[in-house]
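1. make a model of this:
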Amino acid sequence: MLSWAIGFFIVAILAAIFGFTGLAGTAAGIAKVLFFLFLIAFVVSLVMGYRGPRSGGGPGTPPLV
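-> Numbers count the residues shown, from 1 in each chain. I've put the predicted structure just below:
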C-alpha cells in the first residue's frame, strides 16, 4: 500500500509540473487522499502504542514470587 502512495506521490509531483488537468489532477487527488489516510493510521498507531504496559499476567509477564 505504501508503494502505491509513493507512486501516486511521484505522479502528483509530475502533475504539478505540467499543471493539474485531466488524469494528472485525478492522480494528485488520489495522492492527497492516500496521504491523509496514512497520516490518520500513523496517529492511531502512536496512540495505541502509547497506552503503556498492560497488567493481566499475559505472555511475557514475569511470575510474582
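2. rest of the way, CA atoms for contacts and neighbours
-> Noted.
3. from the centroid of the protein, which residue is nearest?
-> The centre of the chain sits closest to residue 38, judged by C-alpha atoms, centre = their mean, with a distance of 1.9 Å.
4. can you give me the pLDDT of that one?
-> For residue 38, the pLDDT comes out at 86.
5. just say helix, strand or coil for it.
-> Per DSSP: H, G, I helix; E, B strand; the rest coil, the secondary structure class of residue 38 is helix.
6. now do the least confident helix or strand in the chain by mean pLDDT: distance to the chain's middle.
-> Of all helical and strand segments in the chain, the minimum by mean pLDDT, DSSP states H and E falls on helix 2-18, at a mean of 78. Counting by C-alpha atoms, centre = their mean, to the nearest Å, helix 2-18 is centred 15 Å from the centre of its parent chain.
7. for stretch 9-27, same thing?
-> When C-alpha coordinates are averaged (C-alpha atoms, centre = their mean), stretch 9-27 and its chain have centres 21 Å apart.
8. what's the distance between the residue nearest to the centre of the chain and residue 4?
-> According to C-alpha to C-alpha, to the nearest Å, residue 38 and residue 4 sit 12 Å apart.
9. please apply the same query to residue 18.
-> Here the criterion is C-alpha to C-alpha. By it, residue 18 lies 21 Å from residue 4.
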